[in-house]
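# here is my input; please provide its structure:
(one chain, ligands or ions: 1)
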Amino acid sequence: MKREAAVIPYGKQEITQDDIDAVVSVLKSDFLTQGPQVPAFERTLTDFTGAKHALAVNSATSALHIACLALGLGEGDWLWTTPVTFVASANCGLYCGAQVDFVDIDPRTYNLCPEALATKLAEADAAGRLPKVLVAVHLCGQACDMAAIHRLCQRYGIKVIEDASHAIGGRYQGQPIGDGRYSDITVFSFHPVKIVTTAEGGAALTNDDELAAKMALYRSHGITRDEALMTEPSHGGWYYQQVDLGYNYRMTELQAALGVSQMARLTDFVSARHALARRYDALLAGLPVVVPYQHPDSYSGLHLYVIRLKLDAISCSHAEVFAQLREQGIGVNLHYIPVHTQPHYRAMGFNNGDFPHAEQYYAEAISLPMFHTMTEAQQVTVVATLRDILGA
Ligand SMILES: *Cc1c(COP(=O)(O)O)cnc(C)c1O
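Predicted structure coming up:
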């Protein structure tokens, strides 16, 4: 049976009149960039997470780049991350001239597996090629086992970046993601499909004053107006120095104002996502799918709701189920194609079979629509459509 309805997207922002008013008031103000809104947005991030510093930038990709630079990643170094992530979590290593390698996932949480990490670190230590930076990605918003990852990275002297692009508003061991207890830097994304949006945007959070100062430089050309960072006294009111090579990764005032307005609703966004996840769990019971496992240490931001098909129990293929859902107006997606199988990474020597748990996950996973304004009727439609396709 064909259901006639507009496509239900897999993710979608919510923009209220307050959001619009906030952006319009910036347009009528004196500052479109480098005004008061960016620091105000950064304060909402430090207030929410308890981190000491937050640096807003124009994307999470930029945040990952300046995070790696501040940690001193460069040529001859290695960055490790999970294969099940967006390419940006790995590309930041390449931007710095470092080499990238991966650690397979835990088949239950789909996050980087601490046991696999322990084994790989022991091998790398013996071979004298330990990574300098590990990027831990909180997939779907569920926190990695950060206590274990932190313990291992401390032992080997490895810096940790949390890619929390999916996880703002979530908690780990009862504390907000982004508080930096188990990492050097945490990165958020504010792309419209994520939990909070600034259209494009990202942020890097840290408790370390020196890392924050470095990231501030890299965000804006390597230029400073702070005399303490200069090689000679200021020549006058116009004076600045470029003391390093940076970029223009600044966020605009329009974006930051939208972010401030959205952050006021973050807690509601995440509780709405939890209500949706509970309803999906119930609606999907009895279907030949694996619903997301939630580790008791994690209160997920629930950016994504990923199911895995029990392919042994159904007669159609993963690709067929996906295609039929799309045909019937269900905007499913797949997060993610394992990064090591991308042509750009294959050219570095990676192959199918390198990370079997990640590849098995990829063969079965489908992201169902998940956005905080999703209605019960939409969820019922998604699951009814899936049930028909699976013949369950
Ligand atoms: C979205 C995303 C990014 C990149 O975010 P942008 O803000 O689009 O640059 C990085 N890592 C992960 C895990 C993401 O989901």
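
# let's verify the closest residue to Glu364 other than its chain neighbours: helix, strand, or coil?
Residue nearest to Glu364 in three dimensions, not counting chain neighbours: Arg308, with 4.1 Å by CB to CB, 6 or more residues apart in numbering. C-beta: built from backbone N, CA, C; applies to glycine. Look at Arg308: counting by DSSP: H, G, I helix; E, B strand; the rest coil, its state is strand.

# which bits of the stretch 51-200 of the chain sit near the ligand?
Proximity of the stretch 51-200 of the chain to the ligand (CB under 6 Å from any ligand atom) is limited to residues 59-61, 85-86, 88-89, 137, 163, 165-166, 189, 191.

# now, among the residues you listed, which is nearest to Arg273?
For these, the closest approach to Arg273 (CB to CB) belongs to His166, at 10.9 Å.

# which residue, other than its chain neighbours, is closest to the closest one?
Distance criterion CB to CB, 6+ apart; nearest residue to His166, sequence neighbours excluded, is His303 at 3.6 Å.

# can you check Gln379 too?
Leaving out its chain neighbours, the residue that sits closest to Gln379 by CB to CB, 6+ apart is Arg279, at 5.6 Å.

# tell me, how many residues neighbour the one you found?
Using other CB atoms under 10 Å, Arg279 is surrounded by 15 other residues.

# per-domain residue ranges of this protein.
Following automatic domain parsing, one gets these domains for the chain: 17-263, 266-390.

# note down every partner strand of the strand or helix carrying Leu205 and its orientation.
Applying DSSP states H and E as the criterion places Leu205 in strand 202-206. Here strand 202-206 is paired, per DSSP bridges, with strand 53-57 (antiparallel), strand 185-189 (antiparallel).

# hang on, the earlier thing: can you count the residues close to the residue nearest to Glu364?
19.

# show me what it is bridged to.
Per DSSP bridges, the residues bridged to Arg308 are Val290, Ala365.

# rewinding a little: report whether the strand holding Leu205 contacts the ligand.
Yes. Using CB under 6 Å from any ligand atom, we find that strand 202-206 touches the ligand at Gly202.

# and after that strand, which helix or strand comes next?
Toward the C-terminal end, the helix or strand that comes next after strand 202-206 (DSSP H and E) is helix 209-219.

# and the very next helix or strand once past that next one, which strands flank it?
Remark: after helix 209-219, the chain's next helix or strand is strand 223-224, criterion DSSP H and E. Strand pairing for strand 223-224, using DSSP bridges, gives strand 241-242 (antiparallel).

# and Ser165, how many neighbours?
Around Ser165 there are 29 residues (other CB under 10 Å).

# any idea which helix or strand carries it?
Per DSSP H and E, there is no helix or strand for Ser165.

# please renumber so the chain begins at 462
That works, and once the first residue is 462, the last one we named lands at Ser626.

# any chance of the domains of the chain in a markdown table, plus mean pLDDT?
Putting those into a markdown table (pLDDT from 0 to 100) gives the following:
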| stretch | mean pLDDT |
| --- | --- |
| domain 478-724 | 98 |
| domain 727-851 | 97 |
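
# of those domains, flag the one that's most buried.
domain 478-724 (a mean of 20; mean count of other CB atoms under 10 Å).

# distance of Glu837 relative to Thr846?
To Thr846, Glu837 is 15 Å away according to CB to CB, to the nearest Å.

# what do you get for Val782?
To Thr846, Val782 is 10 Å away according to CB to CB.

# got it, and Leu737?
16 Å.

# which parts of this protein are helices?
Applying DSSP state H to the chain gives helices spanning 478-488, 498-510, 521-531, 549-556, 575-588, 607-617, 670-680, 714-724, 727-745, 779-788, 804-807, 817-825, 837-851.
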